[in-house]
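A.B. asks: Using only what follows, build the 3D model:
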Amino acid sequence: MIDSLQIRNFQAHGRLKIQFAPGVTAIVGPTNCGKSAVMRALIWIVRNKPTGTAFMKHGETSARARITLGELKVARIREKSENCYLLGDESLRAMGADVPGAVISALRIADASIQQQHDSPYMLGLSPRALAEEINRITGCDEVDAVMDAARQVLKDAKAETKVRKADAQKATEALAATRPTESLEADLAAAKQLAERIADIESGSDDLAALLDELHGIEIPEQIEFDFVAADAIRDKAAEASRFINSLATLLELLSRITIPDDVIEPPEINSIAASLKVTKTNIDSLSLLASEIRQVEEEIQAAIAKSEAAAAAFAEVSSDNCPLCGK
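C.D. replies: Numbering: from 1, shown residues only. Predicted coordinates:
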């Protein structure tokens with residue numbers, strides 16, 4: 001309960017102190033004597049309104065208003081260099097139209113507790129919605145409404161997030177379905193291992209191939225073939241050995257062309273290792289292909305030489321006789 005109100009230089013009042021009775025205090029007087037100014041000074045303390053300096057008494061540069069509630073004193077001060085509240089001995093700066101929280105807690109005077117001269121009767125002039133909001137505010141149900149609104153917003157955000165997550169999960173499922181099955185990868189891995197073993201075998205025989213090629217290059221094929229059938233058989237055996245190697249190399253190249261690993265598949269470490277080995281040996285395989293071409297050319301020359309040798313042998317057999325031409329034996 002407010003015990004007293006003191007105002008200074010506020011509208012028509014220079015200095016005024018009102019001591020309120022324990023029950024109801026009525027302020028009466030003629031028009032323009034300052035009755036409404038008393039209410040405005042009280043509202044200035046409770047609500048920090050009006051703002052500015054228009055309420056100061058004409059010719060003055062400061063205004064004050066103070067109310068007393070038992071031992072508590074709350075004052076509102078406006079001067080050229082000061083715009084603040086006094087809560088007991090503590091000075092609280094007024095910020096715009098806001099009231100410091102400490103003052104609100106100390107006064108505990110709600111807006112509904114003050115009604116001015118031209119205000120409509122309390123709550124009777126409110127719309128149904130405004131009336132419901134006012135009753136909620138008085139009973140504290142507005143806090144429940146605020147919590148419900150916050151809960152609805154959280155639920156709305158959660159639904160939106162769930163929708164996005166479901167879409168992401170669907171995309172991930174489709175991407176997973178598009179990938180190759182594990183069984184296919186295992187089959188490719190087994191084929192790659194087998195291919196790596198074949199490459200290792202052929203690489204290990206590359207030195208023998210090079211030696212064979214050097215030996216073939218060292219064979220001289222004269223225009224006139226002497227009928228050395230033992231040498232012809234040796235040449236034929238070396239040509240057959242070269243032909244077998246060429247066939248193995250062709251099979252290897254065909255396997256290399258069949259095995260492919262898609263870019264969008266994460267290969268196991270073993271496939272990575274084998275793929276690296278394939279890349280390293282590709283240059284060697286290209287070199288072996290060139291060697292094979294040279295071997296084929298030499299083989300053709302050898303086959304032509306053998307054919308000439310066999311033709312010469314046949315011709316010799318036709319003109320020769322089992323008996324000696326001198327003695328007839």
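A.B. asks: Where do the strands of the chain begin and end?
C.D. replies: 4-10, 13-19, 63-69, 72-78, 83-87, 90-93 (DSSP state E).
A.B. asks: Take those and write them to TSV, including mean pLDDT and mean neighbour count.
C.D. replies: Where you see a C-beta, it was placed from the backbone N, CA and C, and this is true even at glycine. Listed next are the strands of the chain as TSV, based on pLDDT from 0 to 100; neighbours: other C-beta atoms under 10 Å:
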stretch	mean pLDDT	mean neighbour count
strand 4-10	94	20
strand 13-19	92	13
strand 63-69	93	20
strand 72-78	92	19
strand 83-87	90	17
strand 90-93	86	12
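A.B. asks: Include distance to residue 189 when you put these into JSON lines, please.
C.D. replies: Output for the strands of the chain, formatted as JSON lines (distance: least, C-beta to C-beta, whole Å):
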{"stretch": "strand 4-10", "distance to residue 189": "94"}
{"stretch": "strand 13-19", "distance to residue 189": "99"}
{"stretch": "strand 63-69", "distance to residue 189": "88"}
{"stretch": "strand 72-78", "distance to residue 189": "85"}
{"stretch": "strand 83-87", "distance to residue 189": "82"}
{"stretch": "strand 90-93", "distance to residue 189": "78"}
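A.B. asks: nearest to residue 190, of the ones you listed?
C.D. replies: For these, proximity to residue 190 was assessed by C-beta to C-beta; strand 90-93 is nearest, at 82.6 Å.
A.B. asks: distance of the residue nearest to residue 34 when sequence neighbours are not counted from residue 305?
C.D. replies: Nearest non-adjacent residue to residue 34, counting by C-beta to C-beta, 6 or more residues apart in numbering: residue 12, 4.0 Å away. Separation of residue 12 from residue 305 (C-beta to C-beta, to the nearest Å): 140 Å.
A.B. asks: Residue 6 now?
C.D. replies: 137 Å.
A.B. asks: likewise residue 130?
C.D. replies: 118 Å.
A.B. asks: These two - which one has more neighbours?
C.D. replies: The residue with more neighbours, out of residue 130 and residue 305, is residue 305; 16 against 11, by other C-beta atoms under 10 Å.
A.B. asks: so how far is residue 47 from that one?
C.D. replies: From residue 305 over to residue 47 the distance is 123 Å, taken as C-beta to C-beta.
A.B. asks: Wait, the residue nearest to residue 34 touches residue 31, no?
C.D. replies: No. Contact between residue 12 and residue 31 fails when scored by C-beta atoms under 8 Å: they sit 11.4 Å apart.
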